[in-house]
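Student: what follows is a protein structure lacking sequence information:
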């Protein structure tokens, strides 16, 4: 994976969360918790799939436990 600008990564993750949670992007901040915003384990799997496809297409990707452990964008 190529190193990314943190602002670019944050914006991409916000966009993914926004689509999956059906919320406006501006409602999702770096310290917002995915589950507090209405996320659940099934939605988290959709987020994980998109993130892994974008950033780890030829690798195993981030484990599910990593996503559960990191409830906010800032922690990811």
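Tutor: Perfect, thanks for sending it. Predicted model only: the values in this text are computed from it and were never measured.
Student: only C-alpha atoms for contact and neighbour calcs from this point on.
Tutor: Fine.
Student: ok, the spatially most central residue of the chain - contacts?
Tutor: Central residue of the chain (C-alpha atoms, centre = their mean): residue 13, 4.6 Å from the mean position. With contacts defined as C-alpha atoms under 8 Å, 6 or more residues apart in numbering, residue 13 is in contact with 51, 73.
Student: where exactly do the strands run in the protein?
Tutor: Counting by DSSP state E, the chain forms no strands at all.
Student: for the protein, give me the ranges with low pLDDT.
Tutor: 1-3 (pLDDT under 70).
Student: name the residue most distant from the centre of it?
Tutor: The outermost residue of the chain relative to its centre, with distances by C-alpha atoms, centre = their mean, is residue 58 at 18.5 Å.
Student: next one: residue 36 from residue 4, what distance?
Tutor: Applying C-alpha to C-alpha, to the nearest Å, the value for residue 36 to residue 4 is 27 Å.
Student: would you mind measuring from the residue farthest from the centre of the chain to residue 52?
Tutor: Using C-alpha to C-alpha, we find residue 58 at a distance of 9 Å from residue 52.
Student: same deal with residue 13?
Tutor: On the measure of C-alpha to C-alpha, residue 13 and residue 52 end up 11 Å apart.
Student: repeat for residue 12
Tutor: From residue 12 to residue 52 the distance is 12 Å (C-alpha to C-alpha).
Student: the two: who's more crowded?
Tutor: Counted by other C-alpha atoms under 10 Å, residue 12 and residue 52 do not tie: residue 52 has more neighbours, with 17 against 14.
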